[in-house]
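In: need coordinates for the below:
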Amino acid sequence: MTITTKDIAEIANVSQSTVSRCLNDSPMIPEKTKKRILKIAEEHGFQFNAHARSLSANKTYTIGVILPKSLFDFEGEMHFRSWQNELIESLEQMEFDVIVSFFQNRFTKQNNIKRLIAAKKVDGLIILEPTLDDETINVLEKTDVPFIFCKYIPHYYKTRDVDFVCVDQFKGGYIAADHLIKQGHKNIMCISANRAGGEFELRTEGFKAAFHDHNLQYNDSTLFYGDTTFESGYKIIKDNMKTLGDITAIFAQNDLMALGAISALKECGINVPKDIAVIGFDDIELCTFYKPYLTTVHQPTKEIAALTCKRLIEKLNSKEESLKQKLEISPTLVIRESCGISS
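Out: Presented below is the predicted three-dimensional model:
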């Protein structure tokens, strides 16, 4: 049986991160502890991790994950919980510790990216915050600490070489509309949102492109804007009941707005999917909590997290500046009951 650092940690009665630091000869660990851990590893035939050993000395073996401010809201928490969990899991599998923080301290207003870099608390940064101020950009441009953007790319970096991993949001909007059109729907309401990061604009562009490719006329009057909450999806339907006469399907660009729309439709005696089909976006846990189960565009957070972490570790291990990589991962459509087809 192959022994892992977790097994060694249990035998030695220390944390897994302590074992990792000992095996990588970290100066943070006393020599006595290092010798004891190394002896246990040798006795149990532990195979040293080549990638971890390749990291230079005097490292913290800690990665900072900078989460967006929108996570403070319920809808943000529902959406970003899976992103946070997948990133932490990927980093822990690579035997790194994780510091999870926000762009700005809510109480002191201190810039946490600047603080983590200045205090040398992290070896690298994964940034999910879509809006960065000039001070932060200046810090990132001057630092030797590798960083990578995940999910969002701040406006400043859209025209610059930078490491970035995200979902193809345009394709997400496209496959949602394409599926509905192929099901025979032509009059489709689209519920978008005005939020930082640009993802909703891209979903709308993809949605419109599908109409064009099917030689259908897109009607701007069927585009509405919510604020990503359940309540906004509900309110849009309630406030526009008179315009639903010809509508046979709805594409809500996040799941909470889709669920809110379904709730309003039910209250108004409109059957989903018999009268109106509904598609959401994100594939959050709540999609299968209520009937009808929600058809939605699934964002492959696990794959994106793994690629983000892999790329950051490559940057940590590289002694030379490598070409930046911008990776867009394709989403998939998860078909459930809200489009008339059970999964």
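
In: show me where the stretch 151-300 of the chain has its helices.
Out: With DSSP state H, counting those that start in this stretch, the ranges of helices along the stretch 151-300 of the chain come out as 169-182, 199-213, 230-239, 255-267.

In: now the ones you listed as a markdown table including mean pLDDT?
Out: Below are those laid out as a markdown table (pLDDT from 0 to 100):
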| stretch | mean pLDDT |
| --- | --- |
| helix 169-182 | 97 |
| helix 199-213 | 96 |
| helix 230-239 | 96 |
| helix 255-267 | 96 |
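
In: in a markdown table: the ones you listed, plus mean neighbour count.
Out: The C-beta positions use only the backbone N, C-alpha and C, and glycine is treated the same way. Converted to a markdown table, the helices of the stretch 151-300 of the chain look like this (neighbours: other Cβ atoms under 10 Å):
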| stretch | mean neighbour count |
| --- | --- |
| helix 169-182 | 22 |
| helix 199-213 | 19 |
| helix 230-239 | 20 |
| helix 255-267 | 23 |
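
In: which stretch among the ones you listed comes nearest residue 96?
Out: helix 199-213 (27.5 Å; Cβ to Cβ).

In: neighbours around the nearest residue to residue 187 once chain neighbours are set aside, how many?
Out: Nearest residue to residue 187 in three dimensions, chain neighbours excluded: residue 246, at 4.6 Å (Cβ to Cβ, 6 or more residues apart in numbering). By other Cβ atoms under 10 Å, the residues close to residue 246 number 10.

In: ok, which of the helices of the stretch 151-300 of the chain comes nearest residue 103?
Out: Judging these by Cβ to Cβ, what sits closest to residue 103 is helix 199-213, at 17.5 Å.

In: so what does the closest one touch, helix or strand wise?
Out: On a contact count with 3 or more Cβ pairs under 8 Å, 6 or more residues apart in numbering; DSSP states H and E, helix 199-213 meets helix 169-182, strand 188-193.

In: to residue 82, which of these lies closest?
Out: Among these, helix 169-182 sits nearest to residue 82 (Cβ to Cβ), with 15.8 Å.

In: now do the closest one: which elements does it pack against?
Out: Checked by 3+ Cβ pairs under 8 Å, 6+ apart, helix 169-182 has strand 188-193, helix 199-213, strand 249-252, strand 277-282, strand 295-298, strand 332-334 packed alongside it.

In: roughly how far is it from the heart of the chain?
Out: Distance of helix 169-182 from the chain centroid (Cα atoms, centre = their mean, to the nearest Å) equals 20 Å.

In: now stretch 83-98
Out: 13 Å.

In: repeat that for stretch 265-281.
Out: For stretch 265-281, the distance to the chain centre is 28 Å (Cα atoms, centre = their mean).

In: and for stretch 81-99?
Out: 12 Å.

In: swap in stretch 275-295?
Out: 19 Å.

In: same check, this time on stretch 247-258
Out: On Cα atoms, centre = their mean, the centre of stretch 247-258 falls 20 Å from the chain's centre.

In: now do that stretch: distance from first to last residue.
Out: 15 Å (Cα to Cα, to the nearest Å).

In: how does the protein divide up, domain by domain?
Out: 5-54, 62-168+301-331, 169-298+333-339 (automatic domain parsing).

In: looking at this protein, which helix is longest?
Out: Using DSSP state H to define each element, the chain has its longest helix at helix 74-93.

In: tell me what it is packed against?
Out: Taking 3+ Cβ pairs under 8 Å, 6+ apart as the contact cut, helix 74-93 packs with strand 62-67, strand 97-102, helix 301-317.

In: for stretch 285-301, the averaged confidence score.
Out: Mean per-residue pLDDT for stretch 285-301: 92.

In: can you give me the buried ones in that stretch?
Out: Neighbour-count burial for stretch 285-301 flags 286-287, 292-297, 299-301 (criterion: 16 or more other Cβ atoms under 10 Å).

In: what does it contact?
Out: 78, 82-83, 86, 167, 172-173, 175-176, 179, 255-256, 258-259, 262, 272-273, 277-283, 329-339, 341-343 (Cβ atoms under 8 Å, 6 or more residues apart in numbering).

In: hmm, residue 188 is touching residue 249, no?
Out: Yes - if you go by Cβ atoms under 8 Å, residue 188 and residue 249 touch, sitting 4.6 Å apart.
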